[in-house]
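**Student:** Pasting the sequence and the predicted coordinates here, then a few questions.
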Amino acid sequence: DLGGELLLKTLRRWVAGEIEATAQDEEAATQAPRLTRPDGVIDWSDAAIDIWRKVRAFQPWPQATTRYDDQRFTVLEAWPLEAGVTAQIGDAVVGEVIGGGGVELSELLPGRVATAVVTCGTGSLALLRVQRAGRRAMEIEQYLNGDRGLIGARLG
């Protein structure tokens with residue numbers, strides 16, 4: 001949404017002649033490497049905000065994945081939790097899934113609450129939508145109805 005608004009403002013200014021286009025310096029440009037499936041593997045010792053960015057960036061390919069029950073487990077949607085919420089984690093180890101206690105996530109996600117939270121190197125990440133290997137994608141609440149064992153498991 002923010003990008004769309006900025007684009008409209010910038011295009012108006014450009015058409016009005018208020019700004020000039022600048023050619024890219026070809027000598028300073030670099031080629032981004034092709035993404036591979038291993039690029040999407042989540043390292044839970046990373047900061048929650050970085051993992052959240054990876055989850056968003058790697059959709060639809062190569063997807064942000066981890067291991068659970070010795071199977072591929074895809075995190076399709078997540079949300080980083082604020083520091084005050086992460087204090088509830090206590091002695092959980094990195095990559096451990098704990099109950100979220102129904103804490104409201106954000107004004108940006110009305111009605112969404114934390115039901116499964118993964119501890120990260122810094123902060124924690126609420127799982128919102130996941131997919132187990134060979135299964136369909138599900139909201140975390142639906143997934144937990146069929147697999148309560150996720151709470152208390154260690155991902156990675």
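**Tutor:** Perfect, I can see it now.
**Student:** only C-alpha atoms for contact and neighbour calcs from this point on.
**Tutor:** Noted.
**Student:** So Val55, which state does it fall into?
**Tutor:** At Val55 the chain is in helix, as set by DSSP: H, G, I helix; E, B strand; the rest coil.
**Student:** what sits opposite the nearest residue to it once chain neighbours are set aside in the beta ladder?
**Tutor:** Spatial nearest neighbour of Val55, excluding adjacent residues (C-alpha to C-alpha, 6 or more residues apart in numbering): Ala64 at 5.1 Å. Under DSSP bridges, the beta-bridge partners of Ala64 are Val75.
**Student:** what residue ranges in this structure score low on pLDDT?
**Tutor:** By pLDDT under 70, the low-scoring segments of the chain are 83-90.
**Student:** so what does whichever helix or strand Val118 is part of touch, helix or strand wise?
**Tutor:** Assigned by DSSP states H and E, Val118 belongs to strand 116-119. With contacts defined as 3 or more C-alpha pairs under 8 Å, 6 or more residues apart in numbering; DSSP states H and E, the packing partners of strand 116-119 are strand 97-99, strand 124-132.
**Student:** Could you check how far it is from the centre of its chain?
**Tutor:** Strand 116-119 sits 12 Å away from the centroid of its parent chain (C-alpha atoms, centre = their mean, to the nearest Å).
**Student:** neighbouring strands for that strand, and are they parallel or not?
**Tutor:** For strand 116-119, pairing defined by DSSP bridges yields strand 97-99 (antiparallel), strand 124-132 (antiparallel).
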